[in-house]
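okay, sequence plus prediction incoming.
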Amino acid sequence: MLPSTIPASRIRPLLTGMRGAVSAAHPLAAAAGTEILASGGSAADAAIAAQAALCVLAPEACGLGGDMLALVRSSDGEVLAVNGTGAAPLEPGPLSADGGASVTVPGLVGGWEALSRKWGLLPLADCLAPALRLARRGFLMTDVLKRAVEAQRARLEAGGASRWEVLSAAPGDRLVQGALANVLDLIGKEHRFGFYHGSVAEAVAKAAGDHNGRLSTKDLAAHETPVLPSLPLSLHGATVHVQPPMSQGVLLLMALRAVEGLGPLAHPAAEHAEIEATLSAFAYRDRAAEGAKLIDLELQVNMARASNRIGPRPYLHTAGVATADARGMVVSSLISVFDEFGSGVYVPEGGFVLNNRAGGFTDGFNASGPGRRPVHTLAPALLDRPSGPLALATPGADGQVQVLLQIVRGILADQTGLAELLDRPRWRSESGRLLIERDHPQAAALQRMGHELEPLQEGDMRFGGVVAAGLELDVPIAGSDWRRETWAAVT
């Protein structure tokens with residue numbers, strides 16, 4: 001059934017389009033995506049446009065110095081995963097969680113080229129044009145971005161960003177980013193060569209090197225973007241797709257399978273099972289490189305009492321984009337520089353900061369090493385249902401798997417509408433505590449089951465900001481969370 005109009009309330013109705021639909025972490029990013037769809041672009045083209053706009057609008061969460069993971073469902077039903085992440089430097093030496101030694105090869109631009117080459121209908125330059133305009137003409141500096149700047153000012157100034165326009169702009173100022181615009185223009189003209197070779201590559205390597213990093217122009221020139229089959233799991237007549245390694249998306253499939261194995265569950269038993277399955281799945285995070293081998297492992301879920309184990313960690317940032325077109329293509333994607341403003345290392349010639357993704361290395365299967373890629377928190381999902389495919393993604397690092405677990409279970413097991421699920425109060429396990437929105441109807445029951453609750457304000461950013469776009473009976477649809485700055489648009 002197509003979404004119907006919902007009376008005015010906090011619940012945002014699903015939107016229906018004709019050419020396509022976009023849901024993104026900022027209204028102007030959603031507008032960039034729909035502009036490309038209206039120009040005849042594909043869902044992949046629209047995803048590039050919205051992602052590029054976010055690089056201009058939300059440098060605290062994402063940018064050219066970061067990464068991208070995307071799931072693409074083509075019109076023939078094939079689902080492939082684009083691994084737009086990068087490797088550690090090839091030169092041996094210690095890595096860190098911050099500064100130049102935390103920088104891995106930025107994979108975002110390589111991801112754009114892979115999306116454009118395989119699924120694009122418009123030139124890459126056309127897809128980057130809306131972001132280029134935003135960078136050159138500017139947008140109004142927001143309180144959200146200013147607060148992020150002030151929280152990280154010391155790191156950014158230490159990383160060489162003292163003259164970055166983002167640091168000096170006040171809320172309400174028009175923020176123009178000329179250097180970033182020039183690099184976007186170059187990428188549009190020269191594609192990956194304009195970023196991984198020549199002056200931009202030299203500037204990236206120099207910025208990392210000036211802050212004790214070992215990233216070299218050879219590392220950048222050698223960068224590759226794998227495009228691989230997704231990891232699927234069949235549930236309730238649908239298929240849930242996630243990224244293969246090095247994404248930790250497999251943890252979502254593990255938790256879904258574990259809860260499904262417990263049979264039909266009423267509330268609050270369902271929430272308890274999801275929480276415990278999450279904690280059990282995260283015990284395997286460092287083994288995410290094993291991919292599909294992990295899905296069939298039996299997870300321990302004690303239905304009698306909360307375990308309160310240490311599992312997911314308190315990372316927050318990332319930006320999501322979901323797109324769909326009337327031809328049947330759907331894209332679920334996330335872009336990120338990892339921590340807020342990544343490594344804090346600034347590339348003045350490019351107007352962007354570099355990631356600190358090397359902070360994602362741990363030990364065992366996920367130990368650091370020259371040329372290795374760490375397990376990534378980025379975990380977009382794509383749900384293929386009889387009524388049509390649906391892309392789902394959310395920011396929040398380790399919270400991504402948990403939020404998507406609640407949404408996917410709500411769709412498949414509870415048969416609840418997407419608009420209602422995006423509004424529904426959430427929980428999130430973090431460092432042994434159970435964060436929960438204060439209006440969650442199961443809070444008291446979960447506390448009686450032994451969960452160590454930490455009630456938070458409704459809409460706290462730790463509960464994510466889901467983007468959703470897809471097809472319902474061949475009609476493009478989009479929905480967005482009321483949390484954060486997420487927004488949906490159709491054309």
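Structure's in. What do you need?

so residue 282 touches residue 294, yeah?
No: between residue 282 and residue 294 there is no contact under C-beta atoms under 8 Å: 11.7 Å. (Glycine included, C-beta is placed from N, CA and C.)

tell me the secondary structure for residue 82?
strand (DSSP: H, G, I helix; E, B strand; the rest coil).

would you enumerate the residues in contact with the residue nearest to the spatial centre of the chain?
In the chain, the C-alpha nearest the mean C-alpha coordinate belongs to residue 334, at 2.6 Å (C-alpha atoms, centre = their mean). Contact analysis of residue 334 by C-beta atoms under 8 Å, 6 or more residues apart in numbering lists 68-70, 318-321, 378-380, 393, 395, 400.

redo those as a markdown table? Include distance to residue 474 and secondary structure.
Putting these into a markdown table (distance: C-beta to C-beta, whole Å; DSSP: H, G, I helix; E, B strand; the rest coil) gives the following:
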| residue | distance to residue 474 | secondary structure |
| --- | --- | --- |
| 68 | 28 | strand |
| 69 | 27 | strand |
| 70 | 22 | strand |
| 318 | 30 | coil |
| 319 | 28 | strand |
| 320 | 24 | strand |
| 321 | 22 | strand |
| 378 | 29 | coil |
| 379 | 28 | coil |
| 380 | 22 | coil |
| 393 | 22 | strand |
| 395 | 30 | coil |
| 400 | 29 | helix |
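
the domain parsing of this protein - what is it?
42-67+81-226+340-366, 228-316+381-490 (automatic domain parsing).

what's the first-to-last distance across the first one?
Spelled out, it's domain 42-67+81-226+340-366. Taking C-alpha to C-alpha, to the nearest Å, domain 42-67+81-226+340-366 runs 36 Å from one end to the other.

for stretch 470-482, same thing?
End-to-end distance of stretch 470-482 (C-alpha to C-alpha): 18 Å.

now stretch 241-255
Separation of the first and last residues of stretch 241-255 by C-alpha to C-alpha is 14 Å.

cool, stretch 19-33 as well?
End to end - C-alpha to C-alpha - stretch 19-33 spans 12 Å.

hang on, residue 321 packs against residue 51?
Yes: the pair residue 321 and residue 51 passes the contact test of C-beta under 8 Å, sitting 5.4 Å apart.

overlap in contacts of those two?
Jointly contacting residue 321 and residue 51 under the rule C-beta under 8 Å, 6+ apart are 29, 333, 335.

go through the residues you listed and flag which are in strands.
Among the shared contacts of residue 321 and residue 51, the members falling in strands (DSSP state E) are 333, 335.

where does pLDDT dip in the chain?
1-10, 311, 313-316 (pLDDT under 70).

circling back: out of the shared contacts of residue 321 and residue 51, which comes closest to residue 200?
residue 335 (18.0 Å; C-beta to C-beta).

beta-bridge partners for the closest one, please?
Beta-bridge partners recorded for residue 335 (DSSP bridges): residue 68, residue 319.

that one: what's it in contact with?
By C-beta under 8 Å, 6+ apart, the contact list for residue 335 reads 51, 54-55, 61-62, 66-68, 108, 318-319, 321.

could you rerun that using 10 Å?
The neighbourhood of residue 335, defined by C-beta atoms under 10 Å, 6 or more residues apart in numbering, consists of 25, 47, 50-52, 54-55, 58, 61-64, 66-70, 84, 107-108, 111-112, 318-321, 378, 393, 395.

what does residue 468 give?
14, 21, 23, 320, 322, 324, 332, 383, 390-394, 407, 418-419, 421-422, 477-481, 486, 488.

mark which of the residues you listed are part of strands, please.
Using DSSP E, the contacts of residue 468 in strands are 21, 23, 320, 322, 324, 332, 383, 390-393, 477-480, 488.

just the buried ones from those residues, in PyMOL syntax?
Buried residues within the ones in strands among the contacts of residue 468, by 16 or more other C-beta atoms under 10 Å, are selected in PyMOL with:
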select buried, resi 21+23+320+322+324+332+383+390+391+392+393+477+478+479+480+488
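
residue 215 versus the nearest residue to residue 158 once chain neighbours are set aside, what's the distance?
Computed as C-beta to C-beta, 6 or more residues apart in numbering, the closest residue to residue 158 that is not its neighbour in sequence is residue 344, at 6.6 Å. Look at residue 344 and residue 215: by C-beta to C-beta, to the nearest Å, they are 15 Å apart.

give me the more crowded residue out of those two.
Taking neighbours as other C-beta atoms under 10 Å, residue 344 and residue 215 compare with residue 215 leading, 29 against 26.

how about the helices of the stretch 201-350 of the chain, start to end?
Taking DSSP state H, counting those that start in this stretch, the helices of the stretch 201-350 of the chain run over residues 217-221, 250-260, 269-282.

for residue 167, which of those is the nearest?
The nearest among the helices of the stretch 201-350 of the chain, by C-beta to C-beta, is helix 217-221 at 25.9 Å.

counting contacts, what elements does that closest one pack onto?
If you count contacts as 3 or more C-beta pairs under 10 Å, 6 or more residues apart in numbering; DSSP states H and E, helix 217-221 packs onto helix 193-196, helix 198-209.

mind putting the ones you listed into a markdown table with distance to residue 161?
Compiled in a markdown table, those are given as follows (distance: least, C-beta to C-beta, whole Å):
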| stretch | distance to residue 161 |
| --- | --- |
| helix 193-196 | 20 |
| helix 198-209 | 10 |
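
among those, which is nearest residue 225?
helix 193-196 (10.4 Å).

and stretch 198-217, which residues are buried?
Neighbour counts over stretch 198-217 (16+ other C-beta under 10 Å) mark 200-201, 203-208, 211, 213-217 as buried.

and the two most separated of those residues?
200 and 214 (18.4 Å).

for whatever helix or strand residue 72 lives in, packing partners?
Assessed by DSSP states H and E, residue 72 sits inside strand 67-73. Packing contacts for strand 67-73, counted by 3+ C-beta pairs under 10 Å, 6+ apart, involve helix 43-57, strand 79-84, helix 108-119, strand 238-242, strand 319-325, strand 330-336, strand 381-385, strand 388-393.

stretch 450-466: how far from the chain's middle?
Computed by C-alpha atoms, centre = their mean, to the nearest Å, the chain-centroid distance of stretch 450-466 equals 19 Å.

helix, strand, or coil at residue 429?
Applying three-state DSSP: residue 429 is strand.

now residue 402
Assignment for residue 402 (three-state DSSP): helix.

and it, what does it touch?
251-252, 255, 274-275, 278-279, 281-282, 311-312, 394, 396, 426-430, 435, 463-464.

picking that back up, reformat the contacts of residue 334 as CSV; add distance to residue 37.
Formatted as CSV, the contacts of residue 334 follow (distance: C-beta to C-beta, whole Å):
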residue, distance to residue 37
68, 19
69, 22
70, 16
318, 23
319, 19
320, 17
321, 13
378, 24
379, 25
380, 19
393, 18
395, 23
400, 26
